[in-house]
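Engineer: heads up, no residue letters with this:
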């Protein structure tokens, strides 16, 4: 298999001011094309560090991808360092980049300054890889059969260049394999139990297939993948599909999605498909449920809104949860969770009402936990979930459990 | 300066299923102790990859930190590989770890299984670095003056071990420098303007000092740091403080914090200090403001709650914004932003009301933008902000602009 190294350049990455998401996104994009990263290296922007890293990764891998250090200012030394590593004799103007930059600046009614014009100047030993999303062109350097691609560090420029320019060149230069995969996403089943149910199926898997358990905030993503030569892609696609279908059968109603849509889209699509609207009353989750729902475009097709009742008095004041009920049961109770869901449903004139009340962190001898409330035209329900992590993870878990409960009710209903 | 490499082990990291936040957090923690990362390397969990990485980083750096691959199952091969690299002759039981594991399982009413007990078995060539947050102990291996620390991959275990066990050992073994730093956080001033105002000050900085501009969601963090020998730490602290105070003077009212508290804490502390309560009506931000506020413990000391009015009808139904006002001005208008803020303040009986209405993404020829509403006992105000990024960044920006507006009003007020 093709060995690919990724070198990310930037002091900010080493200091921890920025998390290296470029490498993670590159890993995903490569994987979708049947390629995978062998090593990821992060280094500071000094000449010595870049030279040492380039030599080491060229020795270790077939392909080296680099991001960062291509800006026009004097801190950006990647281009000059690579010119030295690959023994450039002179510098040339890349006419295509120059035309693109002039056009771009003209459209914006500005004239091209010398610093930016200099982005079109490249060492004679490289091939330019056009970048239409920014000012710094990508560059391809070769040593023997090995290839090194230098790309800008700006995430959307790097990802666009990787997907549209670099990967097609890799596929033309090297014989790559095809990777097919399908997802089966399950909720409410612990990983160890899932593994037990899949034991026989895993033993019977063909050698080209592999099954990964990916625990996520919204449940476990089971990823079945197969790696085969490009000629056999149809067979691989069919087999992947058949095995994934068997996995889905094993888990039945615990399966809540069969693709990699973000969770907010899965929820949106479920509600929109059923033609139902939603309202949410949040105490313990403090707005996190609503903010998760609106992460996806089109939330307004089903999500009417919500009430964040953080002070107890708001539960009675805005939601009309009766003070007697709160006094009799405590604010953090099954009865209040049910009533909050019922009241927010009524107040906001929605088909489904959801609610949370509980403790995001332990308070004295009371552990962190949440009461989840659900209401529809048939009545109300509640579920209690103990939580064992820190404040922010507990809020996030409660949010996902609540929405999983809602989807499960929607599926049962029709 | 001490050269430190960090090796993160895990196929999941290379595939992009998980972003390498361990390295970023380690970078921050080291920096707070005057240390810094020289290189970060991510590799898969194969013996060859681990061996090659360990040899290369031991050659390059003084200290190698490793995370991952210490679990009890057969996929976890770090311990066995390190035993081979460092020439272990036999395995020993670490009594301290064994006692800890037995105690821990007893407390939970469970008995220790063989797989977990095996975590206390370590190669004879290592020194155990106790891990009280999980089952896998840390291990220190030496080669000449160089040190390699193997730590678990679970973030909170790794970070605890690094901070409380590894860094103190490094400080005892190597002569490290002292790093002092202070933050001046400013909002509402573009980076280029900030740089202009600081030009003279930057020219006059002593050579031991450096000033970093860190653009964050909540504004620009200006970080002034000084690096000096440990004997001069008092001088460094005093000088850092003096220069930071001059920077703060230059920006006056644009300074909203002088330390690195999370933004939600800065907001909480500002409200609590003024003894004022807050309520929020969210349309465009859909719950994000509320969920940001409750990220910090103690939000209930000032945050009463909010209404997420995602459907237009909720604005009149729950918030009592008059339908005539909406019809006359449009739902996405200055008048509605002011009225939402006023109504949520009244409804929830809070001192301050805040509101957002607008477009999180462009819709036809209407660009993304937000109207921010503010209300207190004196009346209402609104501010309009055009937004130019994608949906989720726009929502996040609007959230931070709104809370910066609120803090600015609070500071003006008293």
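Structural biologist: Noted; the coordinates are in hand. Since we're looking at a predicted model, the values are computed, not measured. Numbers count the residues shown, from 1 in each chain, chains lettered A, B, ... in the order given.
Engineer: Between the two ends of stretch A:147-166, how far is it?
Structural biologist: With C-alpha to C-alpha, to the nearest Å as the measure, the first residue of stretch A:147-166 is 10 Å from its last.
Engineer: The closest residue to chain B within the stretch 101-250 of chain A: which element?
Structural biologist: Residue nearest to chain B within the stretch 101-250 of chain A: residue A:214 (5.6 Å; C-beta to the nearest C-beta). Any C-beta I mention is one placed from the backbone N, CA and C, and that applies to glycine too. In this structure, residue A:214 is located in strand A:209-216 according to DSSP states H and E.
Engineer: quick one: contacts for residue A:246?
Structural biologist: Shown in contact with residue A:246 (C-beta atoms under 8 Å, 6 or more residues apart in numbering or on different chains): residue A:201.
Engineer: What confidence value was assigned to it?
Structural biologist: Model confidence at residue A:246, given as pLDDT, is 97.
Engineer: so it sits in a strand?
Structural biologist: No - residue assignment for residue A:246, taken from DSSP: H, G, I helix; E, B strand; the rest coil, gives helix, which places it outside any strand.
Engineer: how about low-confidence regions in the stretch 51-200 of chain A?
Structural biologist: Under the criterion pLDDT under 70, no range of the stretch 51-200 of chain A is flagged.
Engineer: Next, see if stretch A:346-353 gets close to chain B.
Structural biologist: Yes - Stretch A:346-353 lies in contact with chain B when judged by C-beta under 8 Å from any C-beta of the partner chain; the contacting residues are A:347, A:348, A:349.
Engineer: And residue A:398, how far from residue A:38?
Structural biologist: Between residue A:398 and residue A:38 the distance is 39 Å, computed by C-beta to C-beta, to the nearest Å.
Engineer: Please say which of the two ends up with more neighbours.
Structural biologist: More neighbours sit around residue A:398 than around the other of residue A:398 and residue A:38, counting by other C-beta atoms under 10 Å in any protein chain shown; the figures are 26 against 22.
Engineer: Next up, the contacts around that one.
Structural biologist: Residue A:398 is in contact with A:284, A:285, A:288, A:356, A:358, A:360, A:370, A:372, A:385, A:387, counting by C-beta under 8 Å, 6+ apart.
Engineer: For it, which non-adjacent residue is closest in space?
Structural biologist: Taking C-beta to C-beta, 6 or more residues apart in numbering or on different chains, and ignoring the residues beside it in sequence, residue A:398 has residue A:370 as its nearest neighbour in space, at 4.1 Å.
Engineer: Need the three-state assignment for that neighbour.
Structural biologist: Secondary structure assignment for residue A:370 (three-state DSSP): strand.
Engineer: can you check residue A:17 too?
Structural biologist: Three-state secondary structure (criterion: three-state DSSP) places residue A:17 in coil.
Engineer: on that earlier part again, state the mean pLDDT of the strand holding residue A:214.
Structural biologist: What strand A:209-216 shows for mean pLDDT is 86.
Engineer: Equivalent analysis for stretch A:393-408, please.
Structural biologist: 95.
Engineer: does the residue located most distally from the centre of chain A sit in a helix or strand, and which one?
Structural biologist: Distance from the centre of chain A peaks at residue A:324, with 44.9 Å (C-alpha atoms, centre = their mean). Assigned by DSSP H and E, residue A:324 falls within helix A:323-329.
Engineer: if we can go back for a sec, would you list the strands that the strand holding residue A:214 pairs with, along with their directions?
Structural biologist: Each strand paired with strand A:209-216, and its direction, by DSSP bridges: strand A:219-229 (antiparallel).
Engineer: Residues in contact with the strand it pairs with: which ones?
Structural biologist: When contacts are defined by C-beta under 8 Å, 6+ apart, strand A:219-229 is touched by residues A:34, A:177-189, A:191, A:194, A:198, A:206, A:208-215, A:235-236, A:239-240, A:243-244, A:247, A:256, A:260, A:400, A:404.
Engineer: rerun that using 6 Å as the cut-off
Structural biologist: Outside strand A:219-229, the residues within contact range by C-beta atoms under 6 Å, 6 or more residues apart in numbering or on different chains are A:177-187, A:191, A:194, A:208-214, A:236, A:240, A:243-244.
Engineer: before we move on, what about stretch A:373-383?
Structural biologist: Applying C-beta under 6 Å, 6+ apart, the external contacts of stretch A:373-383 come out as A:334, A:337-338, A:340-342, A:345, A:352-353, A:355, A:371-372, A:405, A:409.
Engineer: Most widely separated two among these?
Structural biologist: Within those, two members stand farthest from each other by C-beta to C-beta: A:334 and A:352, at 18.4 Å.
Engineer: Who has more neighbours out of those two?
Structural biologist: Under the criterion of other C-beta under 10 Å, the comparison of residue A:334 against residue A:352 puts residue A:352 first, with 24 against 18.
Engineer: I figured that one hits residue A:280, correct?
Structural biologist: No - applying C-beta atoms under 6 Å, one finds residue A:352 not in contact with residue A:280, separated by 9.2 Å.
Engineer: Just the strands from the stretch 201-350 of chain A, written as ranges.
Structural biologist: Under the criterion DSSP state E, counting those that start in this stretch, strands of the stretch 201-350 of chain A are mapped to A:209-216, A:219-229, A:255-257, A:278-282, A:303-309.
Engineer: Each with direction, which strands does the fourth one pair with?
Structural biologist: Based on DSSP bridges, the pairing partners of strand A:278-282 within the sheet are strand A:303-309 (parallel), strand A:352-359 (parallel).
Engineer: Could you look over those and pick the most buried one?
Structural biologist: Each of the strands paired with strand A:278-282 was given a mean neighbour count from mean count of other C-beta atoms under 10 Å in any protein chain shown, and the largest, a mean of 31, is that of strand A:303-309.
Engineer: Quick check: residues of the stretch 301-414 of chain A near chain B?
Structural biologist: With C-beta under 6 Å from any C-beta of the partner chain as the criterion, the stretch 301-414 of chain A meets chain B at residues A:303-311, A:314, A:318, A:347-348.
Engineer: wait, residue A:167 sits on residue A:32?
Structural biologist: No - under the contact definition of C-beta under 6 Å, residue A:167 does not touch residue A:32, with a separation of 9.2 Å.
Engineer: for the helix or strand hosting residue A:194, which positions count as buried?
Structural biologist: With elements delineated by DSSP H and E, residue A:194 resides in helix A:191-197, which encompasses its position. Buried residues in helix A:191-197, counted by 16 or more other C-beta atoms under 10 Å in any protein chain shown: residue A:194.
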